[in-house]
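Asks: prediction below, plus the sequence it came from.
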Amino acid sequence: MKINAFFEHRLRAPLYNHVWSWGAIDTTTNRVFLRTNQDHIYDDNGEWALIYNPNWNRSNGHAERLRHIDAMVMRLLSPSAIQEKFQVLMMIHCYVLARFLKKTG
């Protein structure tokens, strides 16, 4: 199954644009699904993925990626999820920042 069909039929979150979309949102459940490539997956006693880099702003998918991250944050900050999800949000933030600083020196 190709990635576009996977997003639409399995995840029920069709990509906005089949060429440059980096993810999608299932509007029924508010689940956010992000695409990445192998170069942005890391292993530090568990798997990590780089989900944002400011240098990606030249891509057509940049604004959409920011909307997806905003949707993830809003979901994490919902009253029922704040306590159990706060650490996940902080880990994502710290990891993305650390990777950015490492790459930019």
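Replies: Received the coordinates, thanks.

Asks: in this structure, which spans are helices?
Replies: Secondary structure of the chain (DSSP state H): helices located at 3-5, 62-76, 82-104.

Asks: for the shortest one, buried residues please.
Replies: Residues of helix 3-5 include none that count as buried (16 or more other C-beta atoms under 10 Å). No exception for glycine: its C-beta is placed from N, CA and C like everyone else's.

Asks: residues making contact with that helix?
Replies: 14-15, 18, 35 (C-beta atoms under 8 Å, 6 or more residues apart in numbering).

Asks: same deal with stretch 19-39?
Replies: If you take C-beta under 8 Å, 6+ apart as the criterion, stretch 19-39 is touched by 3, 7, 11-16, 49-51, 59-61, 64-65, 68, 71-72, 75.

Asks: would you mind putting the CA coordinates of it into PDB?
Replies: Only the C-alpha atoms of stretch 19-39 are listed here, as PDB (Å, rounded to 0.1, in the frame of the first residue of the first chain):
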ATOM      1  CA  VAL A  19       3.300  15.700  -3.100                       C
ATOM      2  CA  TRP A  20       4.400  17.900  -0.200                       C
ATOM      3  CA  SER A  21       2.200  17.100   2.800                       C
ATOM      4  CA  TRP A  22       4.200  16.000   5.900                       C
ATOM      5  CA  GLY A  23       1.300  14.600   7.800                       C
ATOM      6  CA  ALA A  24      -2.400  14.700   8.400                       C
ATOM      7  CA  ILE A  25      -5.100  15.000  11.000                       C
ATOM      8  CA  ASP A  26      -8.000  12.600  11.600                       C
ATOM      9  CA  THR A  27     -10.700  15.300  12.200                       C
ATOM     10  CA  THR A  28     -13.000  12.700  13.800                       C
ATOM     11  CA  THR A  29     -10.600  11.800  16.600                       C
ATOM     12  CA  ASN A  30      -8.100  14.700  16.400                       C
ATOM     13  CA  ARG A  31      -5.200  12.300  16.000                       C
ATOM     14  CA  VAL A  32      -2.200  13.800  14.300                       C
ATOM     15  CA  PHE A  33       0.000  11.600  12.100                       C
ATOM     16  CA  LEU A  34       3.400  12.900  10.900                       C
ATOM     17  CA  ARG A  35       5.600  11.700   8.100                       C
ATOM     18  CA  THR A  36       9.300  11.700   8.400                       C
ATOM     19  CA  ASN A  37      12.200  10.100   6.600                       C
ATOM     20  CA  GLN A  38      14.900   7.700   7.900                       C
ATOM     21  CA  ASP A  39      17.400  10.500   8.400                       C
END
